[in-house]
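Engineer: pasting the sequence and the predicted model now:
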Amino acid sequence: MTQFWNSDFMWSFRHAPVAIVSFCVVALLVFCAVFAPLIAPFDPFDPSTLNLMNGFSKPMEPNAFTGDSFWLGTDDQGRDVFSTILYGMRISLFVGFAAVLFAMVLGISLGLIAGYVGGWTETIIMRTADVQLTFPSILVAMLIFGIAKGFTPVELRDQMAIWVLIIAIGLSDWVQFARVVRGAALVEKNKEYVQAAQLIGRSSFAIMLRHILPNVLSPVLVIATISLALAIIAEATLSFLGVGAPPTQPSLGTLIRIGQGFLFSGEWWILFFPAVTLLTLALSVNLLGDWLRDAMNPRLK
Amino acid sequence: MLRVTCALCALLVGNAAAAETFKWASSTDPQTMDPHAVNSAPVLGFLNNVYEGLVRRGKDMAIEGALAESWEPIGSEGWRFNLRKGVTFHDGSEFTAEDVMFSYQRASSEAADTASWFAPVSSVSIIDDYTIDFITSAPNPIFPDSIANFMIMDKGWAEANGAELPAKDAENHATLNTNGTGAFQLVERQPGLTTVLEPFDGWWGEVEHNITRAEFTPIQNPATAVAALLSGDVDMIDPVPIQDKARVDQRDGVKVFGGIEARVIMLGFPHAADALKHGSNAGDPNPFKDVRVRKAVAHAINVDAILATIMRGAAEPASQLVSPAMRGYSSDLAARPAFDVEGAKALLAEAGYADGFSFGLKCPNDRYLNDESVCQAVVGMLAQIGVTAQLDAMPVQNYWPELRADNYDMYLLGWSPGTFDAEHPIRFLAHTPDAEKKLGSWNFGDFSNARVDELLPMIQSEIDDAKRQAMLDESAKILQDEMAYVPLYVQPLVWGAQDNIELTQRPDNFFILRWVTVN
Amino acid sequence: MLSFILQRVFQSGIVLLIVGLVAFSMFRFVGDPIDNMLGQERTDADIERLRDQLGLDKPFVVQYYKFLEGAVQGNFGISYRQGRPVSEILVERAPATLELAAVSGFLAISFGVALGVFTAIRRNGIAANVIMTVSLIGVSLPTFLIGILLIYLFSVELGWLPSFGRGETVEVGGWRTGFLTASGLKALILPSITLGLYQMTLIMRLVRSEMLEVLRADYIRFARARGLREKTINFRHALKNTLVPVITVTGLQLGAIIAFAIITETVFQWPGVGLLFINAIQFVDIPVMAAYLMLISVMFVGINLIVDLLYFAIDPRLRADKATV
């Protein structure tokens, strides 16, 4: 533990105020999201607790009909905005992490294989990537949504929606990892150290893992960083097109989509608070990623 | 200061450039310029400015003469239309009974989407150049009302351009071009982009408007449309999202026109299905077959709360399948089931569902105003009486196939009677489905009542208004007692315009350019 | 080189075929066009007749074959929504999207590379850090929200820029351009910023990251030691060597610009193919959806090909290796 604290990595962290602040913010938001059921004053996913007459309560002001007061106000359904944000963030973060993990594992594996093995394997992988790229993420999501809808019973659909989002966003992102990893692997492959490793009889897999992977980590981290924030944003975009998380179980993106309908009507809090939360979350992740990239890159020391 | 200056120069430039160019935007582009190809409100509403029918609706929706100066029943089974003389089409050719005959054949052909209007017609005959008879197979008192949107196209023009029939799977000259008799003629048509109209100098009627050029643009995203209105990029938008009504109204320089549409929003049930299809009770016997359960649903829904919040007070509660503005509305049956949670619970207990049950609610999310929010609210309200609804909201292109496949336990439906008459929803929503007679084609839940089926043909052929109303009242009463549907509210109609625009808003949501003045 | 290109074109053809097949298999999940094509007073018989007429009752493989048959002859069918040839509609709409994409791409690349180089050279400067942070705000909000906020600020509140559409356009040889009128140029500003912002940030961050690595490389140190001017080092040596990954990602981002134009065009009612496509989905206008997907497939495959060829031009080490693929 002490060793870790004194490592270069942590030294760099302790001397980067932006990183410390972002880390704290991300940690706090993740904490709030994970423990949302304990923190949130209401359960926005339970329709029997909602009172429609509480709809459009202003922040910190008692509702004109019911006299109830809500910290950040309520939306059109009378849902407490604060609780909804906590629950929404839970979904957004889960979708984001899971999608990036999925894309990263898939993309790096395929990219390394393509770049290192070459030949027909490469052709097939990279042409598949072309097909994949040709379909904008939005379309991929709609396709998967459509197919999943055809096969899932309606009572599972709301839960399915989340997994469909993860697969859809992940699938549309893996190509980025794969192509950059392959591009770099093509260059690294001909360098002496790889050829040397090959000469002394190391297995292809070990070579790829031990030698190429660390060298392509930098661009992968750049993409992964943005991808996490992007995945959260992509989910929001998909919900704008009507294929995101269901409104009965809204993510931050769904909340923003709903909230933007009230931009001109004066109920600013329905849009403002979820948008600020999303901005804070995505910004902190990005800033943290920025620092992480510099700190973990041995060549920048 | 900068803002004021800019607004000023925009005003000056705008005024100098075009005195009475009127720009308006709506959420849907009319998909064709062919008046017989698609029977949908955006198309018919738009083309009402370009084409004209034998009759038309006035500002109060009453039927008045257009291309027919007068009409009278021939015996009991038909109508004679006396056509207006000296009317010319936009290309200068003269309007005669031949054009009416041609348009009838075109609009009632299998390729046309308007054929159902002419189902009661057995034959049409030209008496002379300015007289034409429509013979119906049974007495039909509302026939003239039912053809208010039957638009007359020039025979010579259509034949010369190979547009004798509307087509859905081939290109057609009439899709992009028009030749009508209306107050405005089409100058430019870029589908999905802009459609430009200019006044027709040779129009027979008296000009009320002062427009020299009218440009239409579809804007789908509601927020963008409001922004376009507020920034002055357009003069009028339809619709203004309900939540923005108050703000738009308060803002200087713009105003809203609010009214009630003809569309009634209601909940529908599966009346014939044996089992529930969705939710944790899937496979269990269908509780909605029991009228007490349907009544419990009606009593559980707080329509006033929906109207006050989601609809911002702009809509009106509905008690039957038509709104009070429609002909044949039953004014004695205006009371809705009271909002009564305890009563609803008691009804459920009586029906054997004291512990409630779970089912699937289908809902469109882009068809009616705030449809998904309304369904969410319904879910919340049903939860209060212990009934768990699983909401499945979807775009309309997925919605209708689901309903046709009977894949629901409850659904949301809006109905706007094309004839503005209470007979219309009985024909489409309440009569037992009968493909042969083309009845009950939107009665997804297979509601069936022998007396309603018996009353419908009698209503259709009854000439005497009092007797007809009595029969309409009787079927409305049956539908209420049986709770065939739970009518919720009449959908509001909200348009927004710049302060210098005067216009007339009609409950059919048709925007009639010849009633617009730019001050 | 020639055999490589031929190979690529052949592979691209297969890609297109697969794209089409996948597209057709997904269309039946998008919904049913029949309800949109028929009015309220349709009967079940009408529905059946139209379904038969359009061939919708056939298996999707058959529909796909019919589509291909037509597409080979340049005939993409008739739009269900507009009742006009799809090819005609696409030709009408393409200029709007291409102009928007070109301006956005130009903004993204020029600002992205310039700011990326700047933030890399002045790595610890205040300005560089501010740029890095501010640029992140732009990618931390969804595109549609940025668009709506821009409209709210610049159209509604300030009244400086139009809230929707392309403004006045001029037709030059069948190409409807917004570049030649003041209102057309003004109308381009907000949508192209909305569309280009994300790509600009991505390119900028990538250029910076690559530059930083290259600047630490031994040959740059040698160059410094040899006393070459800082400018020469930065631009002639360092920037050039960051280009391989930058070109990859930029190429990909050009594709993403076209794809994300769907959102931007929806928000700004920009009359391009993206908006056409969204309308087609809402209407289940299968011929338009199919043609659009084919069109952007051709475009993406083309971009891919160009990126691969540029690799050749920039990194000679790849040449020998590629010949075996």
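Structural biologist: Arrived safely. Here the structure is a predicted model, which is why all the values come from computation and not from measurement.

Engineer: test my guess that residue B:288 contacts residue B:409.
Structural biologist: Yes - contact criterion C-beta atoms under 8 Å: residue B:288 and residue B:409 qualify, at 6.9 Å. Any C-beta I mention is one placed from the backbone N, CA and C, and that applies to glycine too.

Engineer: look at these two and report which has more neighbours.
Structural biologist: residue B:409 (26 against 21; other C-beta atoms under 10 Å in any protein chain shown).

Engineer: walk me through which strands the helix or strand hosting residue B:237 pairs with, and which way each runs.
Structural biologist: Residue B:237 belongs to strand B:236-238 when assigned by DSSP states H and E. Counting by DSSP bridges, the strands paired with strand B:236-238 are strand B:21-26 (parallel), strand B:485-498 (antiparallel).

Engineer: if I look at the residue nearest the centre of chain C, how far off is chain A?
Structural biologist: Residue closest to the mean C-alpha point of chain C, counted by C-alpha atoms, centre = their mean, is residue C:258 at 1.7 Å. According to C-beta to the nearest C-beta, to the nearest Å, residue C:258 stands 8 Å off from chain A.

Engineer: any idea of the mean pLDDT for the strand or helix carrying that residue?
Structural biologist: Assessed by DSSP H and E, residue C:258 sits inside helix C:243-268. Per-residue pLDDT over helix C:243-268 has a mean of 78.

Engineer: next one: it to chain centre, how far?
Structural biologist: Centroid separation for helix C:243-268 versus its chain: 4 Å, with C-alpha atoms, centre = their mean, to the nearest Å.

Engineer: hmm, who's touching the helix or strand just after that helix?
Structural biologist: The first helix or strand that comes after helix C:243-268 along the chain, using DSSP H and E, is helix C:273-283. Applying C-beta atoms under 8 Å, 6 or more residues apart in numbering or on different chains, the contact partners of helix C:273-283 are A:142, A:241, B:31, B:192, B:220, B:366, B:395, B:397, C:30, C:33, C:36, C:79-81, C:89-90, C:93-94, C:96-97, C:258, C:261-266, C:269, C:285-286, C:288-289, C:292, C:295-296.

Engineer: element containing the residue most central in space within chain A, please.
Structural biologist: Closest to where the C-alpha atoms of chain A average out (C-alpha atoms, centre = their mean) is residue A:96, at 2.2 Å. Per DSSP H and E, residue A:96 falls inside helix A:81-117.

Engineer: what's that helix packed up against?
Structural biologist: Judged by 3 or more C-beta pairs under 8 Å, 6 or more residues apart in numbering or on different chains; DSSP states H and E, helix A:81-117 is in contact with helix A:17-34, helix A:36-39, helix A:119-134, helix A:154-189, helix A:204-207, helix A:213-240, helix A:252-260, helix A:268-296.

Engineer: and the helices in the stretch 101-250 of chain C?
Structural biologist: For the stretch 101-250 of chain C, helices defined by DSSP state H, counting those that start in this stretch occupy the ranges C:126-139, C:143-150, C:182-216, C:218-225, C:230-231, C:240-241, C:243-268.

Engineer: among these, which is nearest residue B:506?
Structural biologist: helix C:243-268 (29.6 Å; C-beta to C-beta).

Engineer: got the angle for that closest one vs helix C:143-150?
Structural biologist: 60 degrees (axes from the mean of the first three to the mean of the last three C-alpha atoms, to 10 degrees).

Engineer: is helix C:243-268 in proximity to chain B?
Structural biologist: Yes - Helix C:243-268 lies within reach of chain B by C-beta under 8 Å from any C-beta of the partner chain, at C:266, C:267, C:268.

Engineer: out of those residues, who's nearest residue A:81?
Structural biologist: Nearest to residue A:81 among these, with distances taken as C-beta to C-beta, is residue C:267, at 23.8 Å.

Engineer: check the burial of the closest residue to that closest one other than its chain neighbours by counting its neighbours.
Structural biologist: Nearest residue to residue C:267, sequence neighbours excluded (C-beta to C-beta, 6 or more residues apart in numbering or on different chains): residue C:147, at 3.8 Å. By the criterion of other C-beta under 10 Å, residue C:147 has 28 neighbours.

Engineer: per-residue pLDDT of residue C:147, please?
Structural biologist: On the pLDDT scale, residue C:147 gets 90.

Engineer: how close does it get to residue C:58?
Structural biologist: 40 Å (C-beta to C-beta, to the nearest Å).

Engineer: list the residues that contact the residue nearest to the centre of chain C.
Structural biologist: Counting by C-beta under 8 Å, 6+ apart, residue C:258 touches A:136, C:97, C:101, C:274, C:296, C:299, C:300.

Engineer: any idea how far it lies from residue B:178?
Structural biologist: Counting by C-beta to C-beta - residue C:258 and residue B:178 are separated by 35 Å.

Engineer: I'd say residue C:115 and residue C:204 touch.
Structural biologist: Yes - contact criterion C-beta under 8 Å: residue C:115 and residue C:204 qualify, at 4.6 Å.

Engineer: can you tell me the closest non-neighbouring residue to residue 178?
Structural biologist: Since you didn't name a chain, this refers to chain A. Counting by C-beta to C-beta, 6+ apart, residue A:178 lies nearest to residue A:111, which is 3.6 Å off, once chain neighbours are set aside.

Engineer: can you look at chain C instead?
Structural biologist: Closest to residue C:178 by C-beta to C-beta, 6+ apart is residue C:184, at 3.1 Å.

Engineer: pLDDT score for that neighbour?
Structural biologist: 87.

Engineer: same question, residue A:297
Structural biologist: pLDDT for residue A:297: 59.

Engineer: and if you look at the one 4 residues further on?
Structural biologist: Residue A:301 carries a pLDDT score of 44 in this model.

Engineer: next one: residue C:295
Structural biologist: Looking at residue C:295, the pLDDT reads 81.

Engineer: secondary structure element for it?
Structural biologist: Using DSSP H and E, residue C:295 falls in helix C:286-314.

Engineer: what comes up buried for that helix?
Structural biologist: Residues of helix C:286-314 classed as buried under the neighbour-count rule (16 or more other C-beta atoms under 10 Å in any protein chain shown) are C:286-297, C:299-301, C:303-305, C:307-308, C:310-311.

Engineer: what's the answer for stretch B:334-352, then?
Structural biologist: Those would be B:336, B:337, B:339, B:340, B:343, B:344, B:345, B:346, B:347, B:348, B:351, for stretch B:334-352 by 16+ other C-beta under 10 Å.

Engineer: pretty sure residue A:238 is touching residue A:251, no?
Structural biologist: No - between residue A:238 and residue A:251 there is no contact under C-beta under 8 Å: 9.7 Å.

Engineer: ok, these two, which is more surrounded?
Structural biologist: residue A:251 (32 against 29).

Engineer: contacting residues for residue B:309?
Structural biologist: A:52, A:53, A:55, A:56, A:76, A:78, B:377.

Engineer: least trustworthy helix or strand in chain C by mean pLDDT?
Structural biologist: Least confident helix or strand, chain C: helix C:317-322 with a mean of 48, by mean pLDDT, DSSP states H and E.

Engineer: which element is the closest residue to residue A:207 other than its chain neighbours on?
Structural biologist: Closest residue in space to residue A:207, ignoring its immediate chain neighbours: residue A:197 at 5.0 Å, by C-beta to C-beta, 6+ apart. In the assignment (DSSP H and E), residue A:197 maps to helix A:192-199.
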